[in-house]
Structures are given as structure tokens and as C-alpha cells.
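*Asks:* Next comes the sequence, and after it the predicted model I'd like to discuss.
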Amino acid sequence: VYVPGQSGDYDYALTAIPGEALRFVYEKFGPRLLEANVRSFLSVKAKGVNAGIQSTLRSAPERFMAFNNGIVLVADEMRLHRAEDGSPGIVWLRGMQIVNGGQTTASIYFAKKKYPETDLSKVRVPAKIIVMKEEDPTKEEALVSDISRYANSQNAVRQSDLSANKPFHVDVERLALSVYCPDGVGRWFYERAAGSYNTLLSREGTTPARLRALKDSIPASRKITKTELAKYLMAWDLRPEIVSLGTQKCFDRFMAALGEAEAAGRPVVPDPIFFKALVAKALVFKAVHKTARPLVSAFLANVAAYTVAVVADTYGDVFDLEKVWLRQGVSPQFLEQAALWAREVNDRLHETANGRMISEWAKRPECREAMFFRPFSRPSVDVPEARRG
């Protein structure tokens, strides 16, 4: 069913796509097909949704269209023609992207891959197709983002998901794919779309040996999500009170700061140096968090964020992030110094809170001001990461 658009920025069609056709395009293009989606495949475990899809495909494929909500596509162009029975049909789509239904699409692909006997010839997938006619790229991106936002409802959509296609995150993902660790083999993984790391393992780890090799080169410990990126960078930029707000609010503030920088003519454009520094800051944050864990009885997240801020404030540009990148870790001496500061941060948080709940006090700008009103102790350990002279 084809409905010409009345607003001038899109046309509209309703159809049913053969399951085998959808499986084929996912096999051919993989996650590229989902780049406009707010998230990637969320695995078979995601709230039972995907497990239910696979169960229907195996036991009642002819009922799939009745049971499934279908998918939503956007495309740059669509060519229509008449089928042999005279009904209208789609000849081809150009620039096709799935903005809702990534779970359905990937589940069809993985069901057939895991259970080859699955009969997709009986499967039809309801589809809504929106053909974009907006000539302004900025307006088109905004419209696609809104379509994705309102179309997704199977799992809660977070603001961080909706920012996945911002140029900044696309650039960081590109760098993660091209910048290798100092050993020339391993890489870090930037999870621009939620669930994309597990999708990578499922798609590329086709044999036990390949899966092991993939996990060796890109282990889960070297995965950075969008919200983690915001946490690492904001803590290093001496904004621990924002980190203490929680993952989503911290991410929102980070994206707002990026927008303000861009509006002021100072856009943040990630390059290999930026990416290596990001990884180094992630390694520092993780090391501080792990070191502080046995030292504090509660409020570990707040202590870790403020301790990283103390590290950044104390050393500034003297701290050699390149050395952390090359080592892919921090020195024992740094851990010793971090432990001293973590205790000091914990004591000062309790002291300045004056009986208030620490987790709430840590979120306030007044807390950051009180924490840094007087200097923390000078480094008492010779830390190799600190440049001399």
C-alpha cells in the first residue's frame, strides 16, 4: 500500500517482506543496516522479546506476521512496479535503514544460522517504509532520529541511544576500528549502539576458535560504552559532581557540552591522539575504582570520580597519558598514590557533607567547591606517569 506524503518530506508504504529476504540483507550488510537504529541487536536474552521471536520462527513460522509488530524502514528512494497478479510491489530500495525492528531482523538471521532447519519461506514480516524526500541533511537527520525515537518501544530507549548517530560518536567508533593497541593485534571496542559488542561476537565468532580469537583481540574489558566515555572524560575534566549524577544525566551533560563547544566554533573532532587519551583515561578511572573498592565502605562511585578529578587536578598536563596507552595500564606506584588520595577523598566527602547523604551531596556543585577549596596532599610517591621537568 503506497501513500504519497502530504508534507513534502517523506512518502509512505506498508508491505510484508519475506523472511528470507530480510535474512539475506542482514547477512550481506550486517550492522550497517541498523546504523540509523537507536540500538543494535540486544541478544536473545533481552527481556524475552528475541527469544520469543526465535521460538515463533521455529515452531509456527506461518503465524509470524500475526504475532510480530513488524519493522520500520527509512530509505532514500523506492521503485514500485506491478507484480504478475497486478498488485503493487517494490522493485528495490536505495539507502535502506532499519530504524525499528533490529531485534526482529537479527533474530531471523541468527535463528536460521543456529537452526538451519528453520523454514523462512512461510515467514512474512510486516513493514512500514518511509521514503525520505527532505533535501536538507540536518533536517533529514532530525526526522530520522524522531522516527527512530517514536517507533521504538520493545525496550526502553534512553537518550544515549538516540545520540548514537552523532558525528562525534561515529568518529570515535571509526577510530576504535582502526587504532590498534601497541602490540599491533588487540583493539578497543567503542559501543556506539547498545548491544553492538554482542552482535559482533555473534556475527564474527562463527566457530569456537574464531570466537576465542575475537575475545582475545577485543575482550569485554576493552569495551567502552557511550555513557562510560562521558564518565571518564567528565571526571578527568574535574567535573566529578556531574559524574555523580548517574550515567544518563552525566551523558546528557556531556552531549550538551559538546553542543556548546560546536556552537562556539570549537567542535571536538576525535583523532587518534584523542582516542588513545580516551583509552588512557578509561584505564586510569578503572584502576582508581578498583583500588578504592576495598578502602571505602560505601559510595565507591563518588569516591572514584572525585579521586580521578584529584589526579587530573594535581598532575594536569604533566600526567603522561601516552605512557598509560603504551603500557595499557598504570604503574604500581600510581596505584599506591591513588589509594592515598582515595582515603583522603572519602574522609573529605564525609567531612563536608555535614551529615547529608554522601551520594546526594556529591552531585552538587557546592560539593565540588568544598572538596577542592583547599588542596589535597601533594604526591608522596614517585609516579612514573608524571613527566619530569
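*Replies:* All right, it came through fine.

*Asks:* just the helices in the stretch 201-350 of the chain please.
*Replies:* Using DSSP state H, counting those that start in this stretch, the helices of the stretch 201-350 of the chain run over 208-217, 226-236, 240-243, 247-263, 272-292, 300-315, 321-327, 332-353.

*Asks:* Format the ones you listed as a markdown table; extra columns: mean pLDDT.
*Replies:* Listed next are the helices of the stretch 201-350 of the chain as a markdown table, based on pLDDT from 0 to 100:
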| stretch | mean pLDDT |
| --- | --- |
| helix 208-217 | 93 |
| helix 226-236 | 96 |
| helix 240-243 | 97 |
| helix 247-263 | 92 |
| helix 272-292 | 97 |
| helix 300-315 | 97 |
| helix 321-327 | 97 |
| helix 332-353 | 96 |
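
*Asks:* I'd like those helices as JSON lines, with distance to residue 194 and mean neighbour count appended.
*Replies:* From N, CA and C alone the C-beta is placed, and that goes for glycine too. Listed next are these as JSON lines, based on distance: least, Cβ to Cβ, whole Å; neighbours: other Cβ atoms under 10 Å:
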{"stretch": "helix 208-217", "distance to residue 194": "19", "mean neighbour count": "12"}
{"stretch": "helix 226-236", "distance to residue 194": "8", "mean neighbour count": "24"}
{"stretch": "helix 240-243", "distance to residue 194": "20", "mean neighbour count": "27"}
{"stretch": "helix 247-263", "distance to residue 194": "12", "mean neighbour count": "16"}
{"stretch": "helix 272-292", "distance to residue 194": "18", "mean neighbour count": "20"}
{"stretch": "helix 300-315", "distance to residue 194": "21", "mean neighbour count": "23"}
{"stretch": "helix 321-327", "distance to residue 194": "26", "mean neighbour count": "17"}
{"stretch": "helix 332-353", "distance to residue 194": "30", "mean neighbour count": "19"}
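
*Asks:* any chance of those helices in a markdown table, plus distance to residue 175?
*Replies:* Shown next, in a markdown table, are the helices of the stretch 201-350 of the chain (distance: least, Cβ to Cβ, whole Å):
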| stretch | distance to residue 175 |
| --- | --- |
| helix 208-217 | 16 |
| helix 226-236 | 12 |
| helix 240-243 | 23 |
| helix 247-263 | 16 |
| helix 272-292 | 4 |
| helix 300-315 | 22 |
| helix 321-327 | 13 |
| helix 332-353 | 25 |
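
*Asks:* among the ones you listed, which is nearest residue 372?
*Replies:* Closest to residue 372 of these is helix 300-315 (Cβ to Cβ; 6.8 Å).

*Asks:* Which other helices and strands does the closest one contact?
*Replies:* Judged by 3 or more Cβ pairs under 8 Å, 6 or more residues apart in numbering; DSSP states H and E, the packing partners of helix 300-315 are helix 226-236, helix 240-243, helix 272-292, helix 332-353, helix 358-361.

*Asks:* Redo the ones you listed as JSON lines? Include distance to residue 186.
*Replies:* As requested, the helices and strands packed on helix 300-315 are arranged in JSON lines below (distance: least, Cβ to Cβ, whole Å):
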{"stretch": "helix 226-236", "distance to residue 186": "18"}
{"stretch": "helix 240-243", "distance to residue 186": "27"}
{"stretch": "helix 272-292", "distance to residue 186": "11"}
{"stretch": "helix 332-353", "distance to residue 186": "22"}
{"stretch": "helix 358-361", "distance to residue 186": "36"}
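
*Asks:* what's the closest of these to residue 92?
*Replies:* Evaluated over the helices and strands packed on helix 300-315, closeness to residue 92 peaks at helix 226-236, with 33.7 Å, by Cβ to Cβ.

*Asks:* I'd like to check the angle between the closest one and helix 300-315, please.
*Replies:* With axes from the mean of the first three to the mean of the last three Cα atoms, to 10 degrees defining the directions, helix 226-236 sits at 50 degrees from helix 300-315.

*Asks:* OK, contacts around the closest residue to residue 365 other than its chain neighbours?
*Replies:* Closest residue in space to residue 365, ignoring its immediate chain neighbours: residue 241 at 5.7 Å, by Cβ to Cβ, 6 or more residues apart in numbering. By Cβ atoms under 8 Å, 6 or more residues apart in numbering, residue 241 lies in contact with 362, 363, 364, 365, 367, 368.
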